[in-house]
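Undergrad: quick one, structure for this:
(one chain, ligands or ions: 1)
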Amino acid sequence: MTAIKTFNQSANADTDREHQVQLDLLEKLCVALESGTDASQSTALLTELIDYSEAHFMSEELLMRMKSYDDYEDHQDDHVQMLEVLRGLATQLNSGQTAQATGKARDMLGFISQHIATRDKRLADHVRLGL
Ligand SMILES: [Fe+2]
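TA: Predicted coordinates:
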């Protein structure tokens, strides 16, 4: 196997793993909010999710630039939007607006799942084909 093929396969495997971590954290956050466990647990999960998402999005954006990817701008817009929503969630949690934050977290899980199934899938196909 060529070095570039190995790189492409490992980049996609890393991205898949990172998506799973992101989805697991978000699902845990939804459950914590919905079950009304203490706010500090939700805040800790959300902080971890935001930090992880920032790093994950940065690595995906770097990969897109390396591959001269044609959907870079729209894809990055999704990332910016997701981080804005997550930071807005943190503001709501900090100000005690738990009910609104709970609904928003579930919506976010839907949005991220959709992003992974469409834009991230397209990027993975592009990387896999070595385009
Ligand atoms: Fe993405």
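
Undergrad: quick one: mean pLDDT for stretch 110-122?
TA: Averaging pLDDT along stretch 110-122 yields 98.

Undergrad: and it, what's buried?
TA: Within stretch 110-122, the residues scored as buried using 16 or more other CB atoms under 10 Å are 112, 115-116, 119-120. (Each C-beta comes from the backbone N, C-alpha and C, glycine too.)

Undergrad: please enumerate the helices of this protein.
TA: 3-34, 39-66, 72-94, 98-115, 121-128 (DSSP state H).

Undergrad: if we can go back for a sec, which two in the buried residues of stretch 110-122 are spaced the farthest apart?
TA: I112 and R119 (10.7 Å; CB to CB).

Undergrad: distance to the ion for the buried residues of stretch 110-122 - can I get that in a markdown table?
TA: A markdown table is the format used below for the buried residues of stretch 110-122 (distance: CB to the ion, whole Å):
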| residue | distance to the ion |
| --- | --- |
| I112 | 9 |
| H115 | 6 |
| I116 | 7 |
| R119 | 6 |
| D120 | 5 |
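
Undergrad: mind pulling the model confidence for the spatially closest residue to R122 that is not a sequence neighbour?
TA: Nearest non-adjacent residue to R122, counting by CB to CB, 6 or more residues apart in numbering: D71, 6.5 Å away. Listed pLDDT for D71 reads 96.

Undergrad: near the ion, which residues of this structure are found?
TA: 60, 120 (CB under 5 Å from the ion).

Undergrad: flag the shaky bits of the chain, pLDDT-wise.
TA: 131 (pLDDT under 70).

Undergrad: now with 90, please.
TA: Residue ranges of the chain with pLDDT under 90: 1-2, 36-39, 130-131.

Undergrad: which ones are touching A101?
TA: By CB atoms under 8 Å, 6 or more residues apart in numbering, the residues touching A101 are 33, 42, 89, 92-93.

Undergrad: top of the residues you listed by number of neighbours, please.
TA: Greatest neighbour count in those, by other CB atoms under 10 Å, goes to S42: 26 neighbours.

Undergrad: how near is it to D51?
TA: When distance is defined by CB to CB, to the nearest Å, S42 is 15 Å away from D51.
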